[in-house]
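sequence first, predicted model second:
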Amino acid sequence: MGNTFHRFHATMTSALLEASGICMIWRRPDEDIKYNAFQMGKYAQETDSEDPCPEGSCYEVSVEGAIGFCPGAQFLTRWLFYPAMDEKSISDFVDDLYSKLDEIKAEDEAAAKAEAEAKAPDQPAAAPAAKFCPNCGTPYEEDAKFCMKCGTPRQ
């Protein structure tokens, strides 16, 4: 006979983390809708923040990856999600996974580009025109190209 050991968790997120090591797609007992690990992650976070597990109760994970709510006595466990790893669901999940990876890659590339642009040195500003002639020290007129006293070209 197989291993019937179940693990118990204080949060839905913790239960999902363990169950996702066994299974990546689930369904509710009373629905035909399937939920992948990404969807379940959102559900688990919402559940933990909006409806935390009461003291004395826990979430249970079966050896197959099913997730249930145990109100205190294991025989009262209400199974919330069953594994649903059929080929189409797995294929859809893999497509979703690649799509998410493409999104992450695009975000990383955009962030790297923005960071590179931020770190790029600014174009050197044009050197300010000298205000005094380096040869004789006479102040230049505002738009003068040569010193009015000695004729030295303005730098």
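Yes, it's here. Keep in mind that what you see is a predicted model, and the values were worked out from it rather than measured.

count the residues that sit near Lys119.
By other CB atoms under 10 Å, the residues close to Lys119 number 7. Every C-beta, even on glycine, is put in place using the N, C-alpha and C of the backbone.

in what helix or strand does Gln45 lie?
Using DSSP states H and E, the element containing Gln45 is helix 37-50.

quick check: longest strand of the chain.
Secondary structure of the chain per DSSP state E: the longest strand is strand 78-83.

pairing partners for that strand, with directions?
Partner strands and pairing direction for strand 78-83 (DSSP bridges) are strand 25-27 (antiparallel), strand 67-70 (antiparallel).

does the residue nearest the centre of the chain belong to a helix, a strand or coil?
By CA atoms, centre = their mean, the mean C-alpha position of the chain lies nearest to Ile104, the distance being 7.3 Å. What DSSP: H, G, I helix; E, B strand; the rest coil gives for Ile104 is helix.

ditto for Lys149
Per three-state DSSP, the secondary structure class of Lys149 is coil.

so it makes contact with Pro139?
No: using CB atoms under 8 Å as the test, Lys149 is too far from Pro139 to be in contact (9.6 Å).

who touches both of those two?
By CB atoms under 8 Å, 6 or more residues apart in numbering, Lys149 and Pro139 have these common neighbours: Cys133.

which secondary structure element is home to the residue lying closest to Ser14 once chain neighbours are set aside?
Distance criterion CB to CB, 6 or more residues apart in numbering; nearest residue to Ser14, sequence neighbours excluded, is Tyr59 at 7.2 Å. Secondary structure from DSSP H and E places Tyr59 in strand 58-61.

now stretch 18-27: how far from the chain's centre is it?
Here stretch 18-27 is found 21 Å from its chain centre; the criterion is CA atoms, centre = their mean, to the nearest Å.

send the alpha carbons of that stretch over as CSV?
Below are the C-alpha coordinates for stretch 18-27, written out as CSV (Å, rounded to 0.1, in the frame of the first residue of the first chain):
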residue,chain,number,x,y,z
GLU,A,18,4.3,21.9,-0.9
ALA,A,19,1.6,20.8,-3.3
SER,A,20,3.2,22.4,-6.3
GLY,A,21,6.2,20.2,-5.8
ILE,A,22,3.9,17.3,-6.7
CYS,A,23,1.3,18.9,-9.0
MET,A,24,1.0,22.1,-11.0
ILE,A,25,-2.7,22.1,-12.0
TRP,A,26,-5.7,21.6,-9.8
ARG,A,27,-9.5,21.6,-10.0
